[in-house]
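Engineer: Okay, sequence plus prediction incoming.
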Amino acid sequence: MGLGDWFASLFGGGGKVDLWKRFERMRESTSGTMSMFYKVRDLKTGEVMGLKVVDVEKQAPVEGRYKSLGKPTEGAIGQQIVGPNVVRIVEWGTATTGDPYVLQEFVEGSLLHTLITSKKEFSPTQRLDLVRQAATAIKAVHDAGFVHRDICPRNFILRPDGRLVLIDFGLTVPDRPAFLQPGNRVGTPNYMAPEVVRRRQADKRLDIFSFGITAYEICTGQSPWPKGSTGKAAMAHDTPPTDIRERWPDIPAPLATAIMACLAAEPDARPPTMERFLGAIAGVTL
C-alpha cells in the first residue's frame, strides 16, 4: 500500500470527492504548515463552511510515526471533541487529488494571535472570560480522551459575539503513552512544554503548560519568556517566567496563582487537569 492509499484508507472507505465541483471558493486560501484552509459554499445546499485540505506529503513525517498505532484521523478526532468553545467538524474524507480533507463550520472572527500581536486591549472582565473559555475548550479535548499538542493563540478564533473557539486538531493524538513518547517533538516552539523540548515522556499536562502561556498573553499582551522562531525559544521554558503580577499588578490573586502554576517546568507542579484549573478560578470576579 502506497502513502496515498494508506491515507485514503484512514479517511474512510467512501469514494473520493471532487472538492471544486462540490464547493465554491469564497475566499483565497490560508496556508498552514501542512494544509490549506478555504472559506467555501456548498453548491448544493448553499451552506458556508470551512474546508481544510491536508498535504499528504507534508503530513507524512508526522502521521507516519503512528502508522502502527491505529491513530484516528483529524476529522474523526475532531468529531469526538464537542463543546461551545470547539469548532464543529461536519465530515472528512479524501479528495480526488488523494489529499485528505476536513469540512467544518466556518468560524467568523479574528485569530486570538492577531489580536494579541496587534496590542488589542482586553478589559479585565474580558481577560477573565477568555481565559475561562480557552480552559473550557482544552477541557473538552481532554474529556474526549485526546491531547491537543498545539495550544496557542493561533489556534483560537474570537467571534464578534465574544465566543472563543478552538479550531485545529492537526497534531491531536489519543491520550495514551504510546502517542506521547520521547522524541515526538511537535508543536509551536514559543508554547512548547519543557518535557516535549527535552524529548521526555509526556501527557496531557503539556497542553496545560501551553495554555498557561496563552492565558498569560491574554491577560498581559506579553509572553512570560522571550520569544523566538526556533527551538532555542522553547529551551527558555526551563527558566523561571516573569511573574504575571509584574505585568498586571491588579490581577486577582487566585487567577495569578493558577496561571503561574500552569507554567511550572515540572509537570507534577502544574494543575493536573483543566477542571482543577477552572475550579481554582471559579470564584474570581472582575
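Structural biologist: Nice, I can see it. Residues are numbered from 1 along each chain as shown.
Engineer: can you give me the helices in the stretch 51-200 of the chain?
Structural biologist: 56-63, 74-80, 112-117, 124-143, 194-197 (DSSP state H, counting those that start in this stretch).
Engineer: Mind putting those into JSON lines with mean pLDDT and mean neighbour count?
Structural biologist: Bear in mind the C-beta positions are built from the backbone N, C-alpha and C, glycine included. Formatted as JSON lines, those follow (pLDDT from 0 to 100; neighbours: other CB atoms under 10 Å):
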{"stretch": "helix 56-63", "mean pLDDT": "84", "mean neighbour count": "16"}
{"stretch": "helix 74-80", "mean pLDDT": "96", "mean neighbour count": "22"}
{"stretch": "helix 112-117", "mean pLDDT": "97", "mean neighbour count": "18"}
{"stretch": "helix 124-143", "mean pLDDT": "98", "mean neighbour count": "20"}
{"stretch": "helix 194-197", "mean pLDDT": "93", "mean neighbour count": "21"}
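Engineer: Relative to I157, which of those helices is closest?
Structural biologist: helix 112-117 (7.0 Å; CB to CB).
Engineer: for the stretch 101-250 of the chain, what are the low-confidence residue spans?
Structural biologist: Within the stretch 101-250 of the chain, the segments meeting pLDDT under 70 span 228-236.
Engineer: re the thing from before, okay, the helices of the stretch 51-200 of the chain in a markdown table with distance to E275 next?
Structural biologist: A markdown table is the format used below for those (distance: least, CB to CB, whole Å):
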| stretch | distance to E275 |
| --- | --- |
| helix 56-63 | 29 |
| helix 74-80 | 18 |
| helix 112-117 | 22 |
| helix 124-143 | 6 |
| helix 194-197 | 21 |
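Engineer: A282 is nearest to which of the ones you listed?
Structural biologist: Closest to A282 of those, according to CB to CB: helix 124-143, at 9.1 Å.
Engineer: Out of the helices of the stretch 51-200 of the chain, which is closest to T172?
Structural biologist: Closest of these to T172 is helix 74-80, at 5.1 Å (criterion: CB to CB).
Engineer: Using PDB, list the CA coordinates for the closest one.
Structural biologist: Extracted in PDB, the C-alpha atoms of helix 74-80 (Å, rounded to 0.1, in the frame of the first residue of the first chain):
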ATOM      1  CA  GLU A  74      -8.000  14.500  12.300                       C
ATOM      2  CA  GLY A  75     -11.700  14.500  11.300                       C
ATOM      3  CA  ALA A  76     -12.500  11.500  13.400                       C
ATOM      4  CA  ILE A  77     -10.800  13.100  16.400                       C
ATOM      5  CA  GLY A  78     -12.500  16.400  15.900                       C
ATOM      6  CA  GLN A  79     -16.000  14.900  15.700                       C
ATOM      7  CA  GLN A  80     -15.400  13.400  19.200                       C
END
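Engineer: got the contact list for that helix?
Structural biologist: 11, 52, 54, 72, 87, 89, 91-93, 100, 102, 104, 144-146, 169-170, 172 (CB atoms under 8 Å, 6 or more residues apart in numbering).
Engineer: Kindly report the same for stretch 185-194.
Structural biologist: Contacts of stretch 185-194 (CB under 8 Å, 6+ apart): 62, 149-152, 154, 171, 196-197, 199, 202, 205-206, 209-210, 213-214, 223, 225, 227-231, 233-234, 237-238, 265, 267.
Engineer: pull the CA atoms of the helix or strand that contains F277 into PDB?
Structural biologist: Here F277 sits within helix 274-280, counting by DSSP states H and E. Provided in PDB are the C-alpha atoms of helix 274-280 (Å, rounded to 0.1, in the frame of the first residue of the first chain):
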ATOM      1  CA  MET A 274      -8.200  21.800  33.300                       C
ATOM      2  CA  GLU A 275     -11.100  21.000  35.600                       C
ATOM      3  CA  ARG A 276      -8.800  21.700  38.500                       C
ATOM      4  CA  PHE A 277      -7.700  25.000  36.900                       C
ATOM      5  CA  LEU A 278     -11.300  26.100  36.300                       C
ATOM      6  CA  GLY A 279     -12.200  25.200  39.900                       C
ATOM      7  CA  ALA A 280      -9.300  27.300  41.200                       C
END
